[in-house]
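J.: return atomic coordinates for the entry below.
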Amino acid sequence: MALKNIFACCFCLVCGVTTVPAQKQLTGKATYYSDKLHGRKMSNGERYHRDSMTCAHKKYPFGTLLKVRNPLNGKEVVVRVTDRGPFSKRYVIDLSKAAARELGFIRKGFCQVEITRIHPNRIPFRPEDAEEIPELHLEYQDIVTYPIPIWQQDTLQNKKPQPTRIKKLKIDKK
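T.: Sure thing, here's the model as predicted:
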C-alpha cells in the first residue's frame, strides 16, 4: 500500500512539473476613479492622472501589467497596477477613467470584467522549436552629425567666421 502511495506522489509530482499552467483569469466587477482624485498621490508614490492606463488592485504587486476585458462588448485594455484597492467587497479592481472609457462603461459606472496577468518576460511570438536566437549585428557611427538647416549651409561652407571688432565711440567733451 505504501509503495502505491509513493508511486502516486511521484506521478503527481512529475505531471505537475511537466504541464504548463494556464494563466489565471479573475472575474468580477470593476469601477473607475473619481475625477476628485486627479493629481493626488497613489500608494506607489506616483500622482494619479485620469488619462493614464493605471488601476488599483489589492494583491498584485505595483508595476504588474493586467489585461482587463469587458465580456459584454469584447473590448480590452492593458493597465498597470499603481494603487491598492478597491476596499469594497463588491469590486475586484479600480480603473483609471481612461481605461474605463476604453472599456465602455463610463455611463454605467461599473462593469463585469475578466482580468488576466500579463508576463512581459514571456515572448508570445517566439517559436517553441527555435534552438537559438539569431544575433543582431548593429553598427554605429563614431561621429554623430546633425542635419544643418538650408539657411546655414552656405554660410558655414563658404565663409570663415571673422572676429568681431569693437569700435570706439567718440564722446565730445564740452
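
J.: where do the helices of this protein begin and end?
T.: With DSSP state H, the ranges of helices along the chain come out as 2-18, 97-103, 150-158.

J.: buried ones in the shortest one?
T.: By that I understand helix 97-103. Going by neighbour count (16 or more other CB atoms under 10 Å), the buried part of helix 97-103 is 97, 98, 99, 100, 102, 103. Where you see a C-beta, it was placed from the backbone N, CA and C, and this is true even at glycine.

J.: excluding chain neighbours, what is closest to the first one?
T.: Read that as residue 97. Using CB to CB, 6 or more residues apart in numbering and skipping residues adjacent in sequence, the residue nearest residue 97 is residue 50, 4.1 Å away.

J.: do residue 39 as well
T.: The shortest distance from residue 39 to any residue other than its chain neighbours is 5.8 Å, reached at residue 47 (CB to CB, 6+ apart).

J.: you'd agree residue 61 is up against residue 81?
T.: Yes: between residue 61 and residue 81 a contact is recorded at 6.9 Å, counting by CB atoms under 8 Å.

J.: comparing those two, which shows the higher neighbour count?
T.: Set side by side, residue 61 and residue 81 give different neighbour counts by other CB atoms under 10 Å, the larger being at residue 81 (23 against 8).

J.: contacting residues for the more buried one?
T.: By CB atoms under 8 Å, 6 or more residues apart in numbering, the contact set of residue 81 is 54, 55, 56, 57, 60, 61, 62, 63, 64, 66.

J.: quick one, strands of the chain?
T.: Secondary structure of the chain (DSSP state E): strands located at 25-32, 54-56, 65-69, 76-83, 91-95, 110-118.

J.: next, format these as a markdown table and append mean pLDDT and distance to residue 40.
T.: Shown next, in a markdown table, are the strands of the chain (pLDDT from 0 to 100; distance: least, CB to CB, whole Å):
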| stretch | mean pLDDT | distance to residue 40 |
| --- | --- | --- |
| strand 25-32 | 94 | 15 |
| strand 54-56 | 96 | 12 |
| strand 65-69 | 95 | 21 |
| strand 76-83 | 95 | 10 |
| strand 91-95 | 96 | 13 |
| strand 110-118 | 95 | 21 |
